[in-house]
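1. Got a predicted model here, sequence first, then my questions.
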Amino acid sequence: MNILALDLGTSSVRGLVLDADATPRPGALARRKVHLTTGEDGTGTLDGSTYLACLAECLDELAAGGHLRDVELVAASAQWHSVLPLGADGAPLGPVLTWLDTRPEPLPGARGPVDPDAFHRRTGAWWHRCYWSVRLPWLRERVGAPVGRFVGLVEYVLGELLDEAPMSVSMASGTGLLDLRRLEWDVEACELADVRPEDLPALAPHGWHGRLRPEHVRRWPQLAGARWTAPVGDGAASNIGSGCVDPTRAAVTVGTSAAVRLVQALPAGAEPPPLPEGVWRYRVDHEHVVTGAAYSSGGNLYAWATRTLRLPEGAELEAALARAAANLRVRANPRFGGDRPPGVSPAGSGELRGLSFGATAVDLLAGLMTGLCRLVADDLTVLESGVDAPTEVVLGGGAMAASAWWRGAFAEALAPRAVRYQRNPEVGATGAALVATGRIAEAAHLGGIGRTDEPGPPNTVVVDPPR
């Protein structure tokens with residue numbers, strides 16, 4: 001059996017074919033960059049139709065290479081928090097609002113939850129611009145046409161491809177409207193969003209599977225019999241793909257953005273463990289939750305520096321960063337894109353301090369990257385307050401694969417914890433495949449995890465026998 005794993009990210013769409021052991025098939029990776037529209041006002045949007053076309057191109061490329069043969073299961077890792085208004089005919093009424101968009105705000109006179117602490121415990125979220133409780137009323141005021149329904153980006157994409165596309169409990173938890181214990185739309189959250197539960201997407205039941213529509217089977221006949229599984233939020237999938245599936249291991253994942261997270265077992269209906277103030281909690285699936293903190297800055301800091309500064313490249317840059325960090329000149333607030341919840345700093349809140357005529361472009365980059373390391377270390381301490389002991393940390397994600405120096409900077413900031421590194425850059429797709437096959441526990445024994453200073457090729461993921 002082969003598994004097609006889709007990673008529906010913010011900067012790119014990727015399709016990756018893995019074997020039954022979640023090992024990537026050689027050469028079976030298709031990637032398309034997507035254009036994220038950003039602005040000084042906090043805009044962070046994607047075009048839904050263009051995004052769907054990029055995914056279709058990835059499937060075309062994999063099919064042309066013969067990689068979709070024997071695919072029996074399709075898994076997806078998708079960005080949390082996105083929202084797209086649709087008209088009565090199902091057509092988009094505007095762009096997709098991504099997690100990066102900081103413009104939504106409560107309407108004049110709107111009141112938040114009656115008991116904010118209880119609301120946080122039930123939903124794992126806050127009344128905040130990142131969640132649908134604030135986003136839906138704000139969007140209605142701006143769309144200028146009657147809204148038939150709201151969906152996330154992945155529900156829109158899969159709704160165009162499959163016979164049906166209900167919302168998984170993982171994706172629903174990222175809206176901030178889901179009761180995490182009952183796995184139902186939360187009544188108070190819906191009232192804040194000014195939406196009835198029956199007007200929200202249907203929730204996918206445990207074990208749900210979808211199928212391609214007939215018109216798409218003609219385009220990709222290799223997928224005619226494939227079962228499509230409920231999507232997993234990208235952060236949750238990254239934890240699983242990093243081998244961090246219980247409270248003994250925290251995942252620090254840096255892609256376009258960054259996050260630190262812990263996974264815990266929590267069957268539907270069970271009372272959730274205490275939720276520390278200042279961190280969120282979402283669903284991995286019907287049996288697990290993920291708790292953590294996220295940041296709008298990550299690999300995009302490096303991308304900004306590459307565009308803006310005259311930096312050396314490759315080994316020369318790594319050596320220059322090491323020299324700069326030994327005598328760190330620049331201190332930085334890396335909140336270029338504003339805060340993720342519960343913070344409310346707007347886009348454009350980044351700062352550089354300690355600049356002098358002797359400061360170099362590498363000093364600026366070292367300050368920014370080190371600043372993010374420190375934010376993560378502080379929030380991991382908060383996360384650990386809800387578990388029994390300090391955790392081991394596994395670094396993962398494309399930005400971690402690109403810089404050995406940054407991995408070392410994280411190890412220093414997170415000391416004295418043991419810090420390891422998952423060399424596979426496709427942790428989201430791998431994690432989604434493991435969730436889809438019901439093998440979350442086995443992810444604790446993923447291969448490819450080693451010391452932060454160990455070199456290693458990408459895509460080395462194998463599942464070792466449990467120890």
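-> Nice, thanks for sending it over. Residues are numbered from 1 along each chain as shown.
2. Correct me if wrong, but residue 22 is in a strand.
-> No - if the criterion is DSSP: H, G, I helix; E, B strand; the rest coil, then residue 22 is coil and not within a strand.
3. does the closest residue to residue 6 other than its chain neighbours sit in a helix, a strand or a coil?
-> Leaving aside its sequence neighbours, residue 6 sits nearest to residue 76 (C-beta to C-beta, 6 or more residues apart in numbering; 4.3 Å). Quick note: C-beta positions are derived from backbone N, CA and C, even for glycine. Taking three-state DSSP as the rule, one finds residue 76 in the strand state.
4. Next: residue 72.
-> Using three-state DSSP, the structure places residue 72 in strand.
5. now do residue 420
-> Using three-state DSSP, the structure places residue 420 in strand.
6. That one and residue 396 touch, don't they?
-> No - at 9.6 Å, residue 420 and residue 396 do not qualify as touching, with contact defined as C-beta atoms under 8 Å.
7. And those two? Which one has more around it.
-> Counted by other C-beta atoms under 10 Å, residue 420 and residue 396 do not tie: residue 396 has more neighbours, with 31 against 20.
8. which residues in the stretch 101-250 of the chain form helices?
-> Along the stretch 101-250 of the chain, counting by DSSP state H, counting those that start in this stretch, helices occupy 116-123, 132-143, 153-161, 169-173, 187-193, 214-219, 234-241.
9. the inter-axis angle of the last one versus strand 71-78?
-> It refers to helix 234-241. For helix 234-241 against strand 71-78, the angle by axes from the mean of the first three to the mean of the last three C-alpha atoms, to 10 degrees is 120 degrees.
10. helices and strands around helix 234-241, which ones?
-> For helix 234-241, the packing partners by 3 or more C-beta pairs under 8 Å, 6 or more residues apart in numbering; DSSP states H and E come out as strand 71-78, strand 249-254, strand 258-265, strand 280-283, strand 288-295, helix 427-436.
11. Now do the same contact list for the residue nearest to residue 6.
-> When contacts are counted by C-beta atoms under 8 Å, 6 or more residues apart in numbering, residue 76 touches 5, 6, 7, 8, 154, 158, 228, 229, 231, 232, 432.
12. picking that back up, quick one: which of the helices of the stretch 101-250 of the chain is nearest residue 52?
-> Closest of the helices of the stretch 101-250 of the chain to residue 52 is helix 153-161, at 5.2 Å (criterion: C-beta to C-beta).
13. Could the C-alpha coordinates of the closest one be exported in CSV?
-> Backbone C-alpha positions of helix 153-161 (Å, rounded to 0.1, in the frame of the first residue of the first chain) are rendered in CSV as follows:
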residue,chain,number,x,y,z
LEU,A,153,-9.2,26.5,3.1
VAL,A,154,-8.9,22.7,3.3
GLU,A,155,-12.7,22.2,3.3
TYR,A,156,-13.0,24.4,0.2
VAL,A,157,-10.2,22.5,-1.6
LEU,A,158,-11.5,19.0,-0.7
GLY,A,159,-15.1,20.1,-1.2
GLU,A,160,-14.1,20.7,-4.9
LEU,A,161,-12.4,17.3,-5.2
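14. Figure out which of the helices of the stretch 101-250 of the chain is closest to residue 255.
-> helix 234-241 (7.8 Å).
15. pull the CA atoms of that closest one into CSV?
-> Taking Å, rounded to 0.1, in the frame of the first residue of the first chain, the C-alpha atoms of helix 234-241 are listed here in CSV:
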residue,chain,number,x,y,z
ASP,A,234,-0.5,21.2,10.5
GLY,A,235,0.8,21.8,14.0
ALA,A,236,-0.6,18.5,15.2
ALA,A,237,0.7,16.6,12.2
SER,A,238,4.2,18.1,12.7
ASN,A,239,4.3,16.9,16.2
ILE,A,240,3.5,13.3,15.1
GLY,A,241,6.0,13.5,12.3
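16. what distance separates it from the middle of the whole chain?
-> 7 Å (C-alpha atoms, centre = their mean, to the nearest Å).
17. Please apply the same query to stretch 163-175.
-> Averaging C-alpha positions (C-alpha atoms, centre = their mean) puts stretch 163-175 14 Å from its chain's average.
18. Between the two ends of it, how far is it?
-> 23 Å (C-alpha to C-alpha, to the nearest Å).
19. now what about it, what contacts it?
-> Outside stretch 163-175, the residues that touch it by C-beta under 8 Å, 6+ apart are 78, 80-81, 83, 123-124, 131-132, 151-152, 154-155, 158-159, 178, 180, 183, 185, 200-205, 208, 210-213, 230-233, 236, 281-286.
20. between the contacts of residue 76, which is closest to residue 115?
-> So of those, ranked by how close each gets to residue 115 (C-beta to C-beta), first place is residue 232, at 30.2 Å.
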